[in-house]
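Student: Have a look at this prediction, sequence included:
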There are 4 protein chains.
Amino acid sequence: MTSYQVALFQLDNYGPWTTTPSPRPEPTLQALQARLYADIVSAVGDQDGYAFYGRFDNMVGITPDLSRDAYRSIQRSIATTYPISVSIGLGDGQTPATALATATDRLQAAGSAQEADRQGVLAGETVSTPSPLQVAHFDIVDVTNKYTDQETAYETLLRVRRAVSSLSAYLYDATGAITFFVGGDNAIAVCPDLSADQYHEAIAHVNQECDVEFQVGIGRDIYPVTAGLEAKEALEVCRETGTRVEGPSVPAPGE
Amino acid sequence: MTSYQVALFQLDNYGPWTTTPSPRPEPTLQALQARLYADIVSAVGDQDGYAFYGRFDNMVGITPDLSRDAYRSIQRSIATTYPISVSIGLGDGQTPATALATATDRLQAAGSAQEADRQGVLAGETVSTPSPLQVAHFDIVDVTNKYTDQETAYETLLRVRRAVSSLSAYLYDATGAITFFVGGDNAIAVCPDLSADQYHEAIAHVNQECDVEFQVGIGRDIYPVTAGLEAKEALEVCRETGTRVEGPSVPAPGE
Amino acid sequence: MTSYQVALFQLDNYGPWTTTPSPRPEPTLQALQARLYADIVSAVGDQDGYAFYGRFDNMVGITPDLSRDAYRSIQRSIATTYPISVSIGLGDGQTPATALATATDRLQAAGSAQEADRQGVLAGETVSTPSPLQVAHFDIVDVTNKYTDQETAYETLLRVRRAVSSLSAYLYDATGAITFFVGGDNAIAVCPDLSADQYHEAIAHVNQECDVEFQVGIGRDIYPVTAGLEAKEALEVCRETGTRVEGPSVPAPGE
Amino acid sequence: MTSYQVALFQLDNYGPWTTTPSPRPEPTLQALQARLYADIVSAVGDQDGYAFYGRFDNMVGITPDLSRDAYRSIQRSIATTYPISVSIGLGDGQTPATALATATDRLQAAGSAQEADRQGVLAGETVSTPSPLQVAHFDIVDVTNKYTDQETAYETLLRVRRAVSSLSAYLYDATGAITFFVGGDNAIAVCPDLSADQYHEAIAHVNQECDVEFQVGIGRDIYPVTAGLEAKEALEVCRETGTRVEGPSVPAPGE
């Protein structure tokens, strides 16, 4: 049976901490969040998983192969490096969305994000044999010529964000994929097995809703980093040949 | 005359670099972007300015008091610390939006973001006496009880992002403010002088469009960090008293 | 047969780079070196190994369990994060010293540290079943009362460094251990199996040469982090009971 | 009258923290120390000062131009970024050594490094018009050919450390300079005004005591970064011409 593994990293009691004893200067909070994110991404990435900043105080990891010891080690490392601790909820499910929902449930059952005495919880279980997942790497067709070098930086930013939001909502509702902005004009969706047609529909939906055209490369593997590299190679094919959906493991339209 | 100072930090030739000689694993790119962002935020923040990650390869700074030497020092430091260089466009204008547009123009005039020989450009001029600006610090009323501890983490993420997008677009079109997500359920808008009524209208707009209710604290100063701390103190008043718009320097509705 | 695994991390062509095209400001070089060190320590530590900054451009890792893929992953991550690449020499031997000598030989055979075209080399082989090693964690008896709160900070610094140099040279010559300063008044020696008597002799030697008295906790395991935690627990016993050499796996004097 | 400004950064209650509630894994402590060092170096360097890691829990800054507000800002930033706070002692004196002694005294007067309730102290005063100082940048003649590519990495490390210790002790006793290892085969001495003869004597002393030959470039300025760049340029002259002591502001031997 298909089963994906997702980890939710949630900072403990972070909101209250940011204003205790009085509000802290924003740049120090931003730097803290960014470094925590970089460290979690690196720790998960060293074991071929992916992590995304989400809301920064709630980060999402796709972590097929980490043991409970490995999560404990990440928690210990954060507790020694930062003035804040992190709780982790582990979940599994037949789509990334349901796996993340399970992870959220388990963490919520262990206490509120703002309970002062919920610290360093590790809730839920690891999946012994996670299923291969699709990593879909999207970017916007010809973004530099069309937008970055033409519009103001802020208009391009709003445009990219709106397009990524539209894509995220569509894929979540239609397929149970979870999608994240990863900088520039790039978004990465972690998907159950979808067909090329489904990707074409997603692209068409965003194009209609936001007047922005995505192209996508798709890879497939148990390990997100491996699937992601396959996706990036496939995206290069889109860039070179002008196609919109590429990926060796994706059934062609009509198949 | 009102004049705001904005800096656009743009990574040089970043897109091509990420796929040369072959696509690089995503976690290493994410960590790079996050650390660069943390370093720019800290460098600008040390001089009481604000910076935002924007699209990560295009970051925005509100930097009233940095000299050209200070920008050059940031560029040098990045060139020594990272495998990538950064160009900076400086702009001024009567709103943050027009200042950022000017900064974008000047940088675009110096060459495309993907020209291999545009490296470490510093385009545009610093403003000698920038005007005080409003920093508006928004967050969502009762987010932990309503959403974080109730919905799945991903649904809350989509909800927060949609609300911030709606707020950003509204404030940009109506007032020339520029707005950025800063983690959790927080957004910071850098605004020209607005009235309390205008903030109430923005909150009402988002509530209607997204069914999410913001509250906002507002500060005012030449230095974003100073204005931002005043805004955060004002936001605490909202949290304690249930009001939606607070700030010592904002004319009350009807004034 | 006893066999230890050591890795030598050497920055490629670093010296010339620091002065090209003209000398770079020292703080940017220091920050670069410190962050590289932090990243290597973390990557190795995530797999229960130890790493030390050595000369910063030459760092030493005790890495029993890293695969060639894991080293390649560290190299790729550094090449994406920093403006400099790193070569790695792997060595094994019957003492940590001979293992490091082998690692050095293999790296030197692959080219000079200042050859521009030696980049990202991974020389040597991993050991399939490394032997348990002793980790000896030394600190100075009562350093805060005797020195930190009494002498000038610089005199204490010179004193600690002289003592660590004396300890390092003694242990290297007498036993083939390699010893590193790790901050404060702490030094960590990675040792072949030594007796309690041998540790007492090392302490006596330094006391006589430098008038500084060390105490030491010793742990033993294939994994340095595990051995190191045992060593730290043992050092706590020294602190509480006034003994000088403690460790569950070390034969008592005379045994 | 000559007056130098030195800052001593001391982590508060760090030793006890590293073993509470039980000893923490060494790699997390090393990464913490290295990142703190990188951040302090960068913050001080952004204002053209120098900082050195010293014992990591006690770092030394040469900070002619930082205001009390700037120190407070560094302390606040650390308290938000790390699980540990830092106290700062400011001192001035006619040599770097006496300035550091004064800084140490003032900090010791504010409480022991291991008092739990000494947190974030800023003791001492800033100097309004610090004197120009000499920055002497030493490295070892032909280190790569003679040592790095010939000896084992550990033997070179021991050799370099012994030579830097010898140099540090000599310059401290003879002139009141304070000297720090900065990676590779480089040491930086912050000196009162010395003659070329005095530098030749220091080099001769180390050569005799350790059989290692240094060369040195010297710069002079109120700002260490400026003086340091001048020193590095002068050191390039040594490398190219084979001289041992160079620097535009240093009286030639006999003058």
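Tutor: Right, received. Where do you want to start? The structure displayed is predicted, hence computed values, not measured ones.

Student: Return the list of helices and strands in contact with the helix or strand that A:A227 is a member of.
Tutor: Element membership of A:A227, judged by DSSP states H and E, is helix A:224-241. Secondary-structure packing of helix A:224-241 (3 or more Cβ pairs under 8 Å, 6 or more residues apart in numbering or on different chains; DSSP states H and E): strand A:50-52, strand A:133-140, strand A:186-191, strand A:214-221, strand A:245-246, helix B:26-45. For the C-beta atoms, the positions are set from N, CA and C on the backbone; glycine is no exception.

Student: For the fifth one, name the packing helices and strands.
Tutor: This means strand A:245-246. Using 3+ Cβ pairs under 8 Å, 6+ apart, strand A:245-246 is in contact with helix A:196-210, strand A:214-221, helix A:224-241.

Student: one step back: got the angle between the helix holding A:A227 and helix A:26-45?
Tutor: Helix A:224-241 and helix A:26-45 are oriented at 100 degrees to each other (axes from the mean of the first three to the mean of the last three Cα atoms, to 10 degrees).

Student: how far out from the middle of the chain is helix A:224-241?
Tutor: 17 Å (Cα atoms, centre = their mean, to the nearest Å).

Student: average pLDDT for that helix?
Tutor: For helix A:224-241, the mean pLDDT works out to 96.

Student: hey, which helix or strand in chain A has the poorest pLDDT?
Tutor: Lowest mean confidence among the helices and strands of chain A (mean pLDDT, DSSP states H and E): helix A:143, at a mean of 83.

Student: And chain B, is that one touching that?
Tutor: No - using Cβ under 8 Å from any Cβ of the partner chain, helix A:143 stays clear of chain B, with a minimum separation of 8.5 Å.

Student: And for that helix, what's in contact with it?
Tutor: A:156, A:160, A:184-185 (Cβ atoms under 8 Å, 6 or more residues apart in numbering or on different chains).

Student: circling back: can you say which of the helices and strands packed on strand A:245-246 is packed in most?
Tutor: Ranked by mean neighbour count under mean count of other Cβ atoms under 10 Å in any protein chain shown, those are led by strand A:214-221, which reaches a mean of 24.

Student: Out of the helices and strands packed on helix A:224-241, which is closest to D:I74?
Tutor: Across the helices and strands packed on helix A:224-241, D:I74 has its closest neighbour in helix B:26-45 (10.5 Å, Cβ to Cβ).

Student: hang on, the earlier thing: would you list the helices and strands packed on helix A:224-241 in JSON lines and tack on mean pLDDT?
Tutor: JSON lines is the format used below for the helices and strands packed on helix A:224-241 (pLDDT from 0 to 100):
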{"stretch": "strand A:50-52", "mean pLDDT": "98"}
{"stretch": "strand A:133-140", "mean pLDDT": "97"}
{"stretch": "strand A:186-191", "mean pLDDT": "98"}
{"stretch": "strand A:214-221", "mean pLDDT": "98"}
{"stretch": "strand A:245-246", "mean pLDDT": "96"}
{"stretch": "helix B:26-45", "mean pLDDT": "95"}
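
Student: Pipe those into a markdown table and attach distance to D:T19 per row.
Tutor: Shown next, in a markdown table, are these (distance: least, Cβ to Cβ, whole Å):
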| stretch | distance to D:T19 |
| --- | --- |
| strand A:50-52 | 31 |
| strand A:133-140 | 42 |
| strand A:186-191 | 41 |
| strand A:214-221 | 43 |
| strand A:245-246 | 55 |
| helix B:26-45 | 29 |
